[in-house]
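[1] what would the 3D arrangement of this be:
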Amino acid sequence: MTKNIEEVWKRFVSYFGLGVLFGACCLNVGGQEIERQELQEGATLAAEVDAHGGVRVLLDNGYSRSPRLGDKLELTINGVDVVFYYCPAGTFLMGSLDSEKGRFRSETRHLVTLTKGFWLLETEVTQALWQAVMGENPSRFKGETLPVERISWEDCAAFVSKLNEGGFAPAGTTFDFPTEAEWEYACRAGTRTIYSFGDEFSWEKANSGGGVATGVPKDAESPRQTTPVKSYSPNAWGFYDMHGNVWEWCKDWYEGYPDEHVTDPIGLNNDARATRGGAWLFNAAGCRSASRDAWEPDYRGSHIGFRLALR
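    Got it, this is the predicted structure:
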């Protein structure tokens, strides 16, 4: 089945070209040719909704266009500045190969098509932002620039509702959790390697507890707690800490993967919510792009936070 998926992928790319997979952008499979495109000076999100249901970028020359890969959106929420980057609609390989070090059986590799683009917060939600919106900080490790943790999926849903009710989202958009597919798409940023930075774990790239599954001695150089967001380099699409620091809640209920090509998937039936990305407390295998876990929606732990999406 894996060979069949690989063949479908090759045919798709050969026939349509990667530009179709990622909108009109030119990039290679490794994502190395991608350059983030900050909005032109004075550009803002227009208050109009285009034919595809997304907001348009209004340029200071009077013209507007649809958002593109790497477009940057800056917002201020109760005095806290946040940055989102745009991820266009596209098709990618989700999950892992049977031969991948540290993989779990729940990571069946399959093609996924996302038909709509979305904005994603460049970092995890920080304690400063959580405090500004919720008026409290439940985290074990304290620090304004540290990711908020000890928050349940239900807590995050209340946070999202508060933002939307407060009118902080640009006209035509709402805040939400990313789906598992959206999360992995943004994490991979055009790559097909074990991590977005390559096939080998690096302490200079992510905060985890190590682990022999990936050849890294456990706790060899681990900070043994969360680290400030942006402590490590971002991936090719501008996102920080997609590997390690804290697991991140997703919109989905945790379900098994199909082995066929799917469109806009979201898990709907289970008693646990999906988390992605790994954490400071877990081994490096948990930080892989394909790694996934799940917890009951009322669970709180110092190894779980989340990241906002905007669509």
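[2] what's the closest non-adjacent residue to residue 275?
    residue 247 (4.0 Å; CB to CB, 6 or more residues apart in numbering). Where you see a C-beta, it was placed from the backbone N, CA and C, and this is true even at glycine.
[3] tell me the secondary structure for residue 92?
    strand (DSSP: H, G, I helix; E, B strand; the rest coil).
[4] residue contacts, it?
    The neighbours of residue 92, taking CB atoms under 8 Å, 6 or more residues apart in numbering as the test, are 21, 111-112, 184-185, 188.
[5] for residue 285, helix, strand, or coil?
    Using three-state DSSP as the criterion, the local structure at residue 285 reads helix.
[6] and it, how many residues sit next to it?
    Neighbours of residue 285 under the rule other CB atoms under 10 Å: 22.
[7] same check, this time on residue 297
    Close neighbours of residue 297, defined as other CB under 10 Å, add up to 16.
[8] make residue 1 into 36 and carry on from there
    Yep, numbering from 36; the last one is residue 332 now.
[9] my read is residue 309 is in a strand, agree?
    Yes - counting by three-state DSSP, one finds residue 309 located in a strand.
[10] report the beta-bridge partners for it.
    residue 329 (DSSP bridges).
[11] that one against residue 300, yeah?
    No - the criterion here is CB atoms under 8 Å, and residue 309 misses it with residue 300 at 11.3 Å.
[12] not counting sequence-adjacent ones, nearest residue to the spatially most central residue of the chain?
    For the chain, the residue nearest the mean C-alpha position is residue 218 (3.4 Å; CA atoms, centre = their mean). Closest residue to residue 218 apart from its sequence neighbours, by CB to CB, 6+ apart: residue 311 at 4.8 Å.
[13] what residue ranges in this protein score low on pLDDT?
    Applying pLDDT under 70 to the chain picks out residues 36-90, 245-257.
[14] can you pull out the helices in it?
    Secondary structure of the chain (DSSP state H): helices located at 37-51, 53-56, 162-169, 188-200, 215-223.
[15] returning to that earlier point: tell me the contacts of the residue nearest to residue 310?
    For residue 282, the contact set (CB under 8 Å, 6+ apart) comprises 310-314, 317, 321, 328, 338-340.
[16] make CSV out of these and add distance to residue 128 and neighbour count.
    Shown next, in CSV, are the contacts of residue 282 (distance: CB to CB, whole Å; neighbours: other CB atoms under 10 Å):
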residue, distance to residue 128, neighbour count
310, 21, 29
311, 16, 26
312, 18, 32
313, 20, 32
314, 24, 28
317, 24, 21
321, 20, 26
328, 20, 20
338, 27, 22
339, 26, 25
340, 27, 31
